[in-house]
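Engineer: need a structure here:
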Amino acid sequence: MKTRKLGLAALLAASVLGGCGNAPVDTSINSIIRGSLQTIVAAVRPAPERTGPVITRAEVEAAAMPLILIDVPVTGDQATAIVFGTNGNSVTWITLNGVTLTLKEGALFSTRGLGPDLLAATTSGLETALPRRAPARYARDLRYIAGDESIRKDRFFCELANEGGEDRVVLQMRHSTTRMRESCYAMEGGREFTNLYWVGADGMVWDSRQWVSDQAGYIHVQRLHR
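Structural biologist: Below you'll find the predicted structure:
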């Protein structure tokens, strides 16, 4: 990746992750980072049992900055994440413990820190059609680290379908969206996955369920604030 463009949010995340307490910070955002972001990798350090939501709508509005909520059903973990860097239409998001997701027009490109990570995914066909809510067909390559530490490439053939309008509520905020279904099939081995995206009229993906890997399964990504 090219040099990251770090804004206030990224610098703040870096200072918290690095344990540096000398730099001045925005205390309202810092409280969200300290209190809302949870460790995603439960196998390393199980997250404490939650007694309430990871973050509230009031906290989101008070922060007034781009935020996403990441949910990992296979572990039951959730975390909010802030923008760490941008490169063209690629946006990398980071959680408190350094887990990152890179999205291109809302489509998952890569993960780091989940354990069984998605190294990189071909998203060109998807990222072109998704904001326009247009049906499309394309091939996708998903790359992983194999057991011998080589890079394994899995090729899928995918079809993106427009399933019509649907109101979607994301953390108490209702959005008028179009539900898009991405069905992907491997030519060998009978493997398949189905991703769902809820896309606004302006192309914003407000909610999604996206495939990561056989071990991590699907993750849910919700856009809490622009």
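Engineer: so how far does stretch 69-78 reach from one end to the other?
Structural biologist: One end of stretch 69-78 sits 7 Å from the other (C-alpha to C-alpha, to the nearest Å).
Engineer: Buried residues of it, list them for me.
Structural biologist: Buried residues in stretch 69-78, defined by neighbour count with 16 or more other C-beta atoms under 10 Å: 69-72, 75, 77-78. In short, each C-beta sits where N, CA and C put it, glycine included.
Engineer: same deal with stretch 148-159?
Structural biologist: 154, 156, 158.
Engineer: got it, and stretch 167-187?
Structural biologist: For stretch 167-187, by 16+ other C-beta under 10 Å, it's 168, 170-171, 175, 177-180, 182, 184.
Engineer: Closest to residue 95 out of these?
Structural biologist: residue 171 (16.7 Å; C-beta to C-beta).
Engineer: Now find how far off-centre stretch 91-109 is within its chain.
Structural biologist: 5 Å (C-alpha atoms, centre = their mean, to the nearest Å).
Engineer: same question, stretch 175-186
Structural biologist: Worked out by C-alpha atoms, centre = their mean, stretch 175-186 lies 15 Å from the chain centre.
Engineer: How about stretch 65-80?
Structural biologist: Per C-alpha atoms, centre = their mean, the centroid offset for stretch 65-80 relative to its chain is 8 Å.
Engineer: In the buried residues of stretch 69-78, find the pair that's most separated.
Structural biologist: Taking C-beta to C-beta, no two of those sit farther apart than 69 and 75, at 14.9 Å.
Engineer: Show me what counts as buried in the host helix or strand of residue 109.
Structural biologist: If you go by DSSP states H and E, residue 109 is part of strand 107-112. For strand 107-112, burial by neighbour count (16+ other C-beta under 10 Å) applies to 107-111.
Engineer: What of stretch 82-95?
Structural biologist: Per 16+ other C-beta under 10 Å, stretch 82-95 contains these buried residues: 82-86, 90-95.
Engineer: Show the contacting residues for the closest residue to residue 53 other than its chain neighbours.
Structural biologist: Nearest residue to residue 53, sequence neighbours excluded (C-beta to C-beta, 6 or more residues apart in numbering): residue 171, at 7.8 Å. Contacts for residue 171 (C-beta atoms under 8 Å, 6 or more residues apart in numbering) come out as 53, 55-57, 60, 69, 222, 224.
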